[in-house]
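Provided below for reference: sequence and predicted model.
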Amino acid sequence: MSKVRTQVTVSPQAHVDLRRLGHPAKDAVGDFVRRLRADRTNRALRLSELRTAGGNGRLFVGALDGQRMALLLETEKNRFTVLAIREGALAHDELARLTVGINQISGGIELIDQAEVSANVVALPERSEPTDAQQAGDAATHALHAPLFAGYDDDVLLGLGVVAPLLPALRRVRDKGQLDALLGHNLPELTKDVLLALHGGMGPDAVREQITSTWQADDPVDPHDWARAARRPVSQVSTEDTAVLDALGEGFDAWRLFLHPDQRRLATADFKGSGKVTGGPGTGKTVVALHRVRHLVDRLPPGRTRPVLLTTYNTNLAADLRKRLRQLGGEELVGRVDVKSVDQLAREVTAGERGEDLGSALDDESAMNLWHTVCTEEGVFDYDADFLDSEFKHVILAQGCGTLPMYLRAERRGRGPLHRRDRIAVWRLVEAYRAHLAAPPRRTTYALIADRAARVEQHRMARVEEQASYKEEHGGLDLIHREDGSGMWLKPRYQHIVVDEAQDLSASHWRMLRAMVPKGPNDIFLVGDAHQRIYAHHVILGRLGIETRGRASRRLTLNYRTTQQILTSAHGLIDGETFDDLDAGADDLKGYRSILMGLAPQFWRAPDWQTEMRAVATLIKERHDQYGTPYSAMAISVPDRAAATQMAVTLATQPFLIPAAELRKEGPSKDEGVRIGTMHRFKGLEFQRVFLTGVSDGQVPHQRFEVFRATQPERHRQEMQRARSLLFVAATRARDELIVTWNGRASRFLPDSAERHAFDATELFNQDGPPSGSAAA
Ligand SMILES: Nc1ncnc2c1ncn2[C@@H]1O[C@H](COP(=O)(O)OP(=O)(O)OP(=O)(O)O)[C@@H](O)[C@H]1O
């Protein structure tokens, strides 16, 4: 019999099964897909038809290996979609009972296990019908017992996108616990999102507008046309099954295959100029940025140049972006993109300048020490080094103040008043500081490098524009003679720039980037979140020539990283603060939600730092030994570098013997081992389990900021906001579990309930064993 070429894709829900079942299942699916593509008649696949799905669809089961089976849908001749994976003796029966359908809103293929949902979730405490006496009870009691979604007709729920076969079970859900259990199942994403939003208090109209409409299919949905359904992006990303095989082979991240419709739209949108995406932690901003890069590269003419720049705040994040870009599109994609941190870029720009030697860059601590030196030498002790450094970077350099009169006129929005007399004194100190740097051996700072790079690029862009207009006036003649000396035409550095972690770039960085790409369609695309700003100050992009108002600004609100439970707690950390939208507007986390369910964060208090460290080591070892969490999937944030060393030593000693890797600027010091670093190092990363240690009173926020409360209230407010953002960033790195520990009293940023609910770390070392909480995630 001749072999028939077969196409195979994997559905989003099957992908969730694979995540849950882990690597052996993934490898089995990879093998199965390869063999099925090669020859569907291969007997080892044990491919057998189960039933028709109605219309042109046929359901099959196949054997992945001795223990695992898959449910497949043949949507047209020799095109299969893997819908679900089960393992164990009952795998066949479990697959056979799944209900498969086409969602009438999204047009995507969805499935649910009605039996499992009913049995495990809502069959639980079905409440008996009220007696007469109870019926006489007050309305509040009645409301308490009413099913959660009683207020919405079936038609309303279906119209919003809820998967139809779920309705009978959903009608019996009466409390949040049952809803969480229901959402803990592998349900279609649209259904989960709608139910969460309704339960969170969003009205059906708002849900329709903000959620359902984003999933709406572009064409009319025929509930029997499986071939069409399977080709819609919500069912799969690509009609090429090689993409699926690649994804299965190398790493295993859903984002490479399935994008939320909002994410997809942003990645492929056409902007008249720049585009901006904001959104809370874990909403897939980086994922959108990566897909955006792929989209831009796909539209380039063939070539070897790198006309697209992908940039971010620091080196280790840039390395991470390069890795993820390679996963997304291989060498072919990476080969067309410059992936660099903004400081590296600025460094290269200034290094390329003839006759320019700015000297080596001081690290943050040395730069701060230099301010101390300058103040001592000048005999001025009215301003602290932090303040001077910030004033220099965020006012003087940010606004390009080259002279004292310019600085006297500079705006200091949100920084409180600074009188003329003080500005003159600060300016003198700044001049002394610059003189120190210029004296041999010449040194500089990253802020000065960025400032210089911005000027160089602005100058370069002015020449590019000048040449372009000359060429236009002279009919496009070759102008070699005009560029005599350099002998070449100047071209803009890039055609497109994509920026991740945009909230932490300084005004100088933006000036440099603005001048690296000509103004035009899709010039700059930036993603960021002001709630996570921990370095820079608020920059108004519109004033720097980056216009993203109106339709060019979008927000993502669905979190894919962190469980709803962790998110709610993290949210509490920044409640009450106000945030910008990276431009002149305001932003908040309204509507920010997660469809992932899990454990509530755990709190542990210890009498002292030593006990706290040993408690953390105990909890980590338990998670590794009992639940199989690799050490490298766990991370500990510590208050400072000394604490990092102490923590690593504690982990390494008997009885723990836990390997550790320090999180450095350029990434972890080793591939293996628990990651340890200060909260700043957690930026942009994610881990399965996160331990935030030293979250004690006086440590978070640090007590040194207390002096500003009376003397510089505006400064105090800013420091508090930054400290909250830092804790927020660190907490939202956790995928499955967040553990917060402290010694002495808890940080005032934590809710009062933290102290009340905290476990006592000393009990971990009692003979009776610890109350260590459930850790399986
Ligand atoms: N459509 C998706 N489907 C499945 N997983 C997704 C999707 N989008 C993002 N993710 C996953 O969610 C996590 C967070 O994504 P990403 O890092 O892009 O978020 P972010 O908004 O940049 O986060 P942060 O601002 O906290 O750095 C990652 O693990 C990513 O793989």
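Yep, it's here.

CA only for contacts and neighbour counts going forward, please
Noted.

hang on, residue 663 in a helix?
No - applying DSSP: H, G, I helix; E, B strand; the rest coil, one finds residue 663 to be strand, outside a helix.

my read: it touches residue 674, true?
No - using CA atoms under 8 Å, residue 663 is not in contact with residue 674; the gap is 9.6 Å.

So for residue 53, what's the pLDDT?
Predicted confidence (pLDDT) for residue 53: 89.

That one is in what secondary structure piece?
Under the criterion of DSSP states H and E, residue 53 resides in strand 48-54.

mind listing the strands in the stretch 401-550 of the chain by residue range?
443-444, 496-499, 524-528 (DSSP state E, counting those that start in this stretch).

touching the ligand at all, the longest one?
Right, the one you point to is strand 524-528. No - Strand 524-528 does not reach the ligand (CA under 6 Å from any ligand atom); its nearest approach is 6.5 Å.

Now tell me what touches stretch 265-284 from outside.
The contact list for stretch 265-284, computed with CA atoms under 8 Å, 6 or more residues apart in numbering, reads 263, 285, 288-289, 291-293, 295, 519-529, 531-532, 546-548, 552-562, 581, 589, 592, 729, 732.

Now the strands of the stretch 401-550 of the chain in a markdown table, please, with extra columns for mean neighbour count, mean pLDDT and distance to residue 613.
Listed next are the strands of the stretch 401-550 of the chain as a markdown table, based on neighbours: other CA atoms under 10 Å; pLDDT from 0 to 100; distance: least, CA to CA, whole Å:
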| stretch | mean neighbour count | mean pLDDT | distance to residue 613 |
| --- | --- | --- | --- |
| strand 443-444 | 18 | 92 | 38 |
| strand 496-499 | 25 | 98 | 38 |
| strand 524-528 | 26 | 98 | 34 |
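
Reformat these into JSON lines and put distance to residue 750 next to each item.
Listed next are these as JSON lines, based on distance: least, CA to CA, whole Å:
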{"stretch": "strand 443-444", "distance to residue 750": "39"}
{"stretch": "strand 496-499", "distance to residue 750": "32"}
{"stretch": "strand 524-528", "distance to residue 750": "25"}
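
These: which one's closest to residue 300?
strand 496-499 (10.5 Å; CA to CA).

is that closest one up against the ligand anywhere?
No - using CA under 6 Å from any ligand atom, strand 496-499 never reaches the ligand; the gap is at least 11.0 Å.

correct me, but residue 670 touches residue 661?
Yes - counting by CA under 8 Å, residue 670 does reach residue 661; the two are 5.4 Å apart.

Which of the two has more residues huddled nearby?
residue 661 (21 against 14; other CA atoms under 10 Å).

which parts of this protein sit against the ligand?
253-255, 258-260, 281-287, 560-561, 684.

what comes up buried for stretch 224-234?
Applying a neighbour-count criterion of 16 or more other CA atoms under 10 Å, one finds 225-234 buried in stretch 224-234.

So for the residues you listed, which is the shakiest by pLDDT?
Of all the buried residues of stretch 224-234, residue 233 carries the smallest pLDDT score, 78.

re the thing from before, buried only: go through the contacts of stretch 265-284 for me.
Members of the contacts of stretch 265-284 classed as buried by 16+ other CA under 10 Å are 263, 285, 288-289, 291-293, 519, 522-529, 531-532, 546-548, 552-562, 581, 589, 592, 729, 732.

Now the nearest residue to residue 426 once chain neighbours are set aside: which helix or strand?
Sequence neighbours aside, residue 388 is the residue nearest to residue 426 in space, at 7.3 Å (criterion: CA to CA, 6 or more residues apart in numbering). Using DSSP H and E, residue 388 falls within helix 385-391.

what's the average pLDDT for that helix?
Here helix 385-391 scores 89 as its mean pLDDT.

Over to stretch 258-274?
92.

For it, what is the distance to the chain centroid?
From the chain centre to the centre of stretch 258-274 is a distance of 16 Å (CA atoms, centre = their mean, to the nearest Å).

Would you mind listing the buried residues in that stretch?
Buried positions in stretch 258-274, judged by neighbour count with 16+ other CA under 10 Å: 258-264, 266-267, 271, 273-274.

next one: stretch 305-318
306-318.

Mind putting the buried residues of stretch 224-234 into a markdown table with distance to residue 750 and secondary structure?
Listed next are the buried residues of stretch 224-234 as a markdown table, based on distance: CA to CA, whole Å; DSSP: H, G, I helix; E, B strand; the rest coil:
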| residue | distance to residue 750 | secondary structure |
| --- | --- | --- |
| 225 | 52 | coil |
| 226 | 51 | helix |
| 227 | 52 | helix |
| 228 | 51 | helix |
| 229 | 47 | helix |
| 230 | 47 | helix |
| 231 | 47 | helix |
| 232 | 45 | coil |
| 233 | 42 | coil |
| 234 | 39 | coil |
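
can you tell me which residues contact the residue of the stretch 651-777 of the chain at minimum distance from the ligand?
The minimum distance from the stretch 651-777 of the chain to the ligand, using CA to the nearest ligand atom, falls at residue 684 (3.9 Å). Contacts for residue 684 (CA under 8 Å, 6+ apart) come out as 317, 501, 733.
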